[in-house]
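sequence and predicted structure are below.
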Amino acid sequence: MERRTFLTGAALAVASAPVAGAAAAHADEDRMAGWYSDFNRNRLGWNSVAGTWNLNGGYYWAQGTPGYWASTAHTGSWRNFVYQARVKRDGNGGGYWSNSMVIRGNPLRLNSERDWAPSYHFNFTNTGYFSVFFTDNYGDEYPIVDWTYAGVIRNQIWKTVKVVAQGPYFSWSVNGRTLWSGYDYNQSVGQVGYSFYTASGYWSTMRLDSASLQTLGAREKVTLDPPAELGARVKGGSLKRAPK
């Protein structure tokens, strides 16, 4: 596979596997506190990565850059957590383009399309599709879950999106319904943020109304959202967009 070029360096050092046993107990004792952002007065902890993100009217928002990802990152490096945000995407040529919760990533290293390398992307589109992708250290993308239709996504303008990450286990939900739960072992720690892609020749905006992160213990039990009713998975598309 052809390797992509990078805009910046300074790769993030990562662990190769989730903590276990005594190491897990030690990590639980030392884990950082989580955070909550309502964006009414400030955006503490948040920084623009690609594009310009602003605080206005109780929202943290950005206008997309055609042909690139726009993204923002929260400070801190996180391993086991529940990460949630309430978001709204407007514009962008038919609604097939990705809106992504980004986790366990390195925002200091971007590929030529300004995607974090590495990173996990938990994606949805306004047309009702979702997917999960991993971008590696070279900026190459790999699907973990192919694009799949879920009416719970399309039926709401504002979306409450949530990812549970605990060791190699993940659970991804939108509007209180679980879309996918499963395992992947590529990346065990990194920063979280939000990202969206704008097609060339189009405009788009992304608004975050609130966001939060709750840390978890390595063996802590988590109550998951009930499952969503799903349509068929669709081959094709890419990290940037669902197939039509």
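Here it is on my side, so go on.

gap between the two ends of stretch 209-225?
This stretch, stretch 209-225, spans 21 Å end to end (CA to CA, to the nearest Å).

same check, this time on stretch 172-180
OK, stretch 172-180 end separation, CA to CA: 5 Å.

who's in contact with it?
122, 124, 130, 132, 145, 148, 150, 152-153, 155-156, 159-164, 170-171, 181, 224-228, 230 (CB atoms under 8 Å, 6 or more residues apart in numbering). Yep, even glycine has a C-beta here, placed from its N, CA and C like the rest.

redo that, cut-off 7 Å
122, 124, 130, 132, 145, 150, 152-153, 156, 159-163, 171, 224-228 (CB atoms under 7 Å, 6 or more residues apart in numbering).

list the buried residues for it?
Neighbour counts using 16 or more other CB atoms under 10 Å place W172, S173, V174, N175, R177, T178, L179, W180 of stretch 172-180 among the buried residues.

quick check: bridge partners of the second one?
Translated: S173. Beta-bridge pairing for S173 (DSSP bridges): K162, T178.

geometric centre of the chain: which residue is closest?
The centroid of the chain falls nearest to M101 when counting by CA atoms, centre = their mean (1.8 Å).

which residues does that one contact?
Y83, A85, F122, V161, V163, Y194.

what's the neighbour count on the third one?
If you count neighbours by other CB atoms under 10 Å, F122 ends up with 28.

Three-state assignment for it, please.
Of the three states, F122 takes strand under DSSP: H, G, I helix; E, B strand; the rest coil.

I'd assumed R104 was in contact with it.
No. Taking contacts as CB atoms under 7 Å, F122 lies outside contact range of R104: 10.9 Å.

can you tell me how far the closest residue to the residue nearest to the centre of the chain other than its chain neighbours is from S112?
Closest residue to M101 apart from its sequence neighbours, by CB to CB, 6 or more residues apart in numbering: F122 at 4.3 Å. Noted for F122: a distance of 22 Å to S112, by CB to CB, to the nearest Å.

quick check: bridge partners of the residue nearest to P143 when sequence neighbours are not counted?
Leaving out its chain neighbours, the residue that sits closest to P143 by CB to CB, 6+ apart is F133, at 5.6 Å. Beta-bridge partners recorded for F133 (DSSP bridges): H121, P143.

residues in contact with F133?
Counted by CB under 7 Å, 6+ apart, F133 has contacts H121, N123, E141, Y142, P143, I144, L239.

count the residues that sit near the third one.
Using other CB under 10 Å, the number of residues around E141 comes to 19.

re the thing from before, and the contacts of F133, which two are furthest apart?
N123 and Y142 (13.2 Å; CB to CB).

okay, the two: which has more neighbours?
N123 (27 against 13).

I'd say the more buried one and Y96 touch.
No. Counting by CB under 7 Å, N123 stays clear of Y96, with 11.0 Å between them.

pLDDT score for G95?
In this prediction, G95 carries a pLDDT score of 89.

and it, backbone torsions?
Backbone geometry at G95, expressed as degrees, to the nearest 10, gives phi 80, psi 10.

can you check V222 too?
phi -130, psi 130.

same question for G151.
phi -60, psi -30.

how about the nearest residue to it, chain neighbours excluded?
Per CB to CB, 6+ apart, closest to G151 is G128, 6.1 Å.

again, but for A70
G51 (3.2 Å).

quick one: average confidence on stretch 203-213?
Mean predicted lDDT for stretch 203-213 stands at 97.

buried residues in that stretch?
S204, T205, M206, R207, L208, D209, S210, A211, S212, L213.

does R241 touch G95 like I think?
No. Counting by CB under 7 Å, R241 sits too far from G95 to count as a contact (9.8 Å).
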